[in-house]
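[1] next comes the sequence, and after it the predicted model I'd like to discuss.
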Amino acid sequence: MKAGVVAIDIGYSNTKLAHGDALVPEVKIIPSGVCAADSVGDRVIGGGKGQNNQNLVVTVGGNQFAVGIEQTQIKQKRQRNPNYPFTEQYLALYYGGLSLTRASEVDTLVTGLPVEQYQDASAVTRLAARLRGEHEVASGQVITVRDVYVTAQPVGAFVDMHFQGAQNNYREIMSRGRVLVLDPGFHTVDWAFFDQGSLLKSVSGSNTAAMSSVMELVSVCIEHDLGDKVTIERIEQAMRSDSYSILFHGEELNISGYIETALDAVNTDAITDLLNAKNLDREQIDLVVLAGGGANYYRRAAEKVFPGSRIEISSSPVAANVRGYWYMERARCVAANSVAANQAR
């Protein structure tokens with residue numbers, strides 16, 4: 001089966017996939033946990049077909065990896081460094097995403113990098129070359145990716161808001177105004193500034209004061225108050241499920257209060273610092289778009305830092321970037337086909 005456009009957003013916490021031929025993409029989200037396939041026992045059965053999140057097995061460099069596993073089920077520490085897109089773990093998640101499309105051939109694959117890495121042209125070229133071509137994602141399963149396009153991650157959220165925001169008249173603001181996209185993920189907070197629809201790289205960037213910093217502070221506060229540690233992976237799992245509850249010494253512990261305290265301590269200062277570093281005039285921002293896994297947790301901080309701006313959280317913010325990648329390439333393909341059809345007349 002052939003897929004026209006596939007978009008993938010590989011993060012430290014979740015891996016997001018958008019694909020399909022309808023007017024809106026089919027979206028899948030799996031945890032970004034990766035480990036040796038033989039280390040997860042009965043949780044992984046079968047291999048390489050992607051029937052569900054717990055039996056996705058891929059092959060990288062001759063080794064089998066299980067992907068889509070919760071971080072709480074993995075003993076080794078996850079990758080958290082700028083070289084992440086060039087690791088085996090990243091490629092395993094990429095293969096898992098490709099496998100979930102059930103396609104044997106992909107015309108165009110779109111993905112993103114954090115803003116600071118995207119501004120390194122050599123990193124963009126290396127990643128595109130790594131993802132392009134013929135990939136044996138599992139034994140007997142080969143997927144060919146014809147072309148790869150790499151963009152800055154928050155560009156996806158900007159495009160997604162353009163498609164999703166018609167009912168709020170945001171398209172007019174986005175085409176004529178000044179828009180800031182804040183994309184807080186697990187390891188980095190990315191921000192991208194758009195003036196009349198054009199990305200201004202000089203005032204866009206990344207910062208590592210992201211959701212991991214919030215979770216680390218929650219862990220420290222719990223240990224201080226209750227005398228024992230809780231891993232950030234367990235905190236992350238509770239926040240992802242919106243339960244705000246973990247099992248602590250055999251009893252339910254609601255951690256929402258700890259999360260609120262940590263958010264107040266980390267987020268406002270983080271946003272202020274990252275904007276001051278780029279000398280961005282926040283008083284002239286018409287719209288602030290929050291996307292990514294930490295979007296809902298950053299709203300209060302954004303309202304403090306941008307008191308005169310409209311604040312909007314993307315619909316299903318975890319998948320905002322990947323939907324935007326898909327919409328962007330889909331629109332380009334439609335436009336190209338329209339031009340070709342007119343020329344043929």
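    Yes, it's here.
[2] so how many other residues sit close to residue 37?
    18 (other CB atoms under 10 Å). Heads up, the C-betas are built off the backbone N, CA and C, glycines and all.
[3] brain fart, residue 333
    14.
[4] hang on, residue 156 packs against residue 16?
    No. With contacts counted by CB atoms under 8 Å, residue 156 stays clear of residue 16, the gap being 9.5 Å.
[5] what residues are shared contacts of those two?
    9, 321, 322 (CB atoms under 8 Å, 6 or more residues apart in numbering).
[6] how close does the second one get to residue 260?
    It refers to residue 321. Using CB to CB, to the nearest Å, residue 321 is found at 26 Å from residue 260.
[7] those two: who's more crowded?
    For residue 321 versus residue 260, neighbours defined as other CB under 10 Å are more numerous around residue 321 (33 against 14).
[8] ok, that one - contacts?
    9, 16, 112, 153, 154, 156, 157, 160, 183, 291, 292.
[9] and if we set it to 10 Å?
    Residue 321 sits next to 7, 9, 11, 16, 18, 111-112, 151-160, 181, 183, 185, 190, 291-292, 314 when contact means CB atoms under 10 Å, 6 or more residues apart in numbering.
[10] cool, residue 241 as well?
    Applying CB under 10 Å, 6+ apart to residue 241 gives no contacts.
[11] related to what we said a few turns ago, out of the contacts of residue 321, name the ones that lie in strands.
    In strands, defined here by DSSP state E, the members of the contacts of residue 321 are 7, 9, 16, 18, 111, 112, 151, 152, 181, 183, 190.
[12] can you check the pLDDT for the fifth one?
    By that I understand residue 111. With respect to pLDDT, residue 111 has a value of 97.
[13] low-confidence stretches in this protein?
    40-55, 75-80, 165-168, 209-210, 242, 277-278, 282-283, 336-345 (pLDDT under 70).
[14] ok so, going back, who wins for most neighbours among the ones in strands among the contacts of residue 321?
    Neighbour tally across these (other CB under 10 Å): the maximum, 34 neighbours, falls on residue 183.
[15] doesn't residue 288 make contact with that one?
    No. With contacts counted by CB atoms under 10 Å, residue 183 stays clear of residue 288, the gap being 11.4 Å.
[16] which neighbours do the two share?
    Counting by CB under 10 Å, 6+ apart, the contacts common to residue 183 and residue 288 are 191, 298.
[17] secondary structure class for residue 68?
    strand (DSSP: H, G, I helix; E, B strand; the rest coil).
[18] what's the nearest residue to it if we skip its chain neighbours?
    residue 30 (3.7 Å; CB to CB, 6 or more residues apart in numbering).
[19] so where do the strands sit in the stretch 101-250 of the chain?
    Ranges of strands within the stretch 101-250 of the chain are 105-113, 133-138, 141-152, 178-184, 189-195, 198-199, 205-207, 245-248, based on DSSP state E, counting those that start in this stretch.
[20] so the longest one versus strand 105-113, what angle?
    Right, strand 141-152. Strand 141-152 and strand 105-113 are oriented at 40 degrees to each other (axes from the mean of the first three to the mean of the last three CA atoms, to 10 degrees).
[21] which strands or helices does strand 141-152 pack on?
    The contact analysis (3 or more CB pairs under 10 Å, 6 or more residues apart in numbering; DSSP states H and E) places strand 141-152 against strand 2-10, helix 88-100, strand 105-113, helix 115-118, helix 121-131, strand 133-138, strand 189-195, helix 320-344.
[22] check which helices and strands the shortest one sits against.
    Contacting helix 115-118 under the criterion 3+ CB pairs under 10 Å, 6+ apart are the following elements: helix 121-131, strand 141-152, helix 153-164, strand 189-195, strand 205-207.
[23] orientation of the first one relative to strand 2-10 in degrees?
    Counting by the same axes, to 10 degrees, helix 121-131 points 130 degrees away from the direction of strand 2-10.
[24] likewise the fourth one?
    With the same axes, to 10 degrees applied, the angle from strand 189-195 to strand 2-10 works out at 120 degrees.
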